[in-house]
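Undergrad: Mind looking at a prediction? Sequence and model below.
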Amino acid sequence: MYRPDFPATPFRLGLYPVVDSVEWIERLLDAGVRTIQLRIKDKTDDAVEADVIAAIALGKRYTARLFINDYWRLAITHQAYGVHLGQEDLQTTDLAAIRQAGLRLGVSTHDDMEIDVALAVRPSYIALGHVFPTQTKQMPSAPQGLQQLAAHVKRLGDYPTVAIGGISLARAPAVLETGVGSVAVVSAITQAEDWRKATAQLLALAGAGDE
Ligand SMILES: Cc1ncc(COP(=O)(O)OP(=O)(O)O)c(N)n1
Ligand SMILES: Cc1ncsc1CCOP(=O)(O)O
Ligand SMILES: [Mg+2]
């Protein structure tokens, strides 16, 4: 069986909000979230560096697992807990530099072939998506649905996994029933009428992750 070749994360990362600002990071850490990602799209490293520094400092202050999406060089320079990368990023990223700097690595996958590619890299966790239709990101593939998700989770055994895409409060219990270690959400929190309530309800279902 495969084992990560990057620093380990717990199998259960719990509720994993993916957000686009330092304000959201601070609010959600204050609300009890302990796994979180800063996802700012399509800016230069210079444009996002101050936000990356602030997010990482907050992650440390709250003893949380703070992942940086895309900006892996900044994540190394400022010592984030981890980096999240897509499949296409794997070709252009210095993965050895991430490993040597002691950062965790999460990798996106959408099907069995992409899981093969991810397993060859042996990241800290493997993200499985998108489970349901999502308005948050344009996806080239179809949603995998709960059955595929369950099959992927089963295939991966005790490898840490994260489900993402269209996961609402109502859908979270069925997603968790597949045995996946974490549910990553954007709109279920950021578009909620009452984000505090939504976060508390999702935390009650998914937990904040193991130590
Ligand atoms: C937890 C988690 N899973 C998947 C993604 C998607 O990452 P990626 O494929 O790199 O796409 P972008 O988020 O960069 O548009 C994610 N960010 N987090
Ligand atoms: C970033 C990303 N990657 C796959 S689906 C997705 C967006 C998930 O957003 P939502 O939880 O609002 O569907
Ligand atoms: Mg990315």
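TA: Received, thanks. Ligands and ions are numbered 1, 2, ... in the order given.
Undergrad: rest of the way, CA atoms for contacts and neighbours
TA: Will do.
Undergrad: How about the contacts made by Ser124?
TA: Pro4, Asp5, Phe6, Pro7, Ala8, Thr9, Arg104, Leu105, Gly106, Pro160 (C-alpha atoms under 8 Å, 6 or more residues apart in numbering).
Undergrad: I'd like to know which of these are buried.
TA: Among those, those classed as buried by 16 or more other C-alpha atoms under 10 Å are Pro4, Phe6, Pro7, Ala8, Thr9, Arg104, Leu105, Gly106, Pro160.
Undergrad: which residues of this protein fall in helices?
TA: 22-30, 45-61, 72-77, 95-100, 112-121, 145-156, 172-177, 187-190, 195-206 (DSSP state H).
Undergrad: Buried residues in the last one, which are they?
TA: Read that as helix 195-206. Quick answer for helix 195-206 (16+ other C-alpha under 10 Å): Trp195, Ala198, Thr199, Ala200, Leu202, Leu203, Leu205, Ala206.
Undergrad: Now the first one. Nearest residue, chain neighbours left out?
TA: Leaving out its chain neighbours, the residue that sits closest to Trp195 by C-alpha to C-alpha, 6 or more residues apart in numbering is Ile189, at 5.2 Å.
Undergrad: how near is the one you found to Gln201?
TA: 10 Å (C-alpha to C-alpha, to the nearest Å).
Undergrad: which stretches of this structure aren't confidently modelled?
TA: 1 (pLDDT under 70).
Undergrad: In it, what residue comes closest to ligand 1?
TA: Nearest residue of the chain to ligand 1: Gly86, at 3.3 Å (C-alpha to the nearest ligand atom).
Undergrad: dump the residue contacts of that residue.
TA: Asp70, Val107, Ser108, Thr109.
Undergrad: The first one: neighbour count?
TA: Spelled out, that is Asp70. 20 (other C-alpha atoms under 10 Å).
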